[in-house]
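**Student:** predicted model and sequence follow; I will ask about them next.
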Amino acid sequence: MSGSGQDFELDDSFTEEEAPFEDEAASKAASAKDSLLKRRLIDDLLAERRLQRELKELDSDFDDIDDFGDDEDF
């Protein structure tokens, strides 16, 4: 293996200019996590509104049934 005659030097120096790659990856991950949390919050709020609307409709249906029962005389 060492017969190729090429010497390689390993550059062990690390500069802060090389660090943004890691910071950028962490920033993208944090941004994606934040976006996911916001989306889940929006989905939860929409689901809550939908359930409240359905509950109002059911209450209205029960009120109609009660009104229907009051009209009949037996």
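**Tutor:** Cool, the structure landed. Residues are numbered from 1 along each chain as shown.

**Student:** for Arg50, phi and psi?
**Tutor:** The phi/psi pair for Arg50 (degrees, to the nearest 10) reads phi -60, psi -40.

**Student:** got it, and the one 4 residues further on?
**Tutor:** Here the main-chain torsion angles of Glu54 (degrees, to the nearest 10) amount to phi -60, psi -40.

**Student:** how much space between it and Ile42?
**Tutor:** Distance of Glu54 to Ile42, given as CB to CB, to the nearest Å: 19 Å. Quick note: C-beta positions are derived from backbone N, CA and C, even for glycine.

**Student:** ditto for Asp7
**Tutor:** Taken as CB to CB, the span from Asp7 to Ile42 is 59 Å.

**Student:** between these two, which one's more packed in?
**Tutor:** Ile42 (10 against 6; other CB atoms under 10 Å).

**Student:** for Asp61, which residues are in contact?
**Tutor:** Contact criterion CB atoms under 8 Å, 6 or more residues apart in numbering gives no residues in contact with Asp61.
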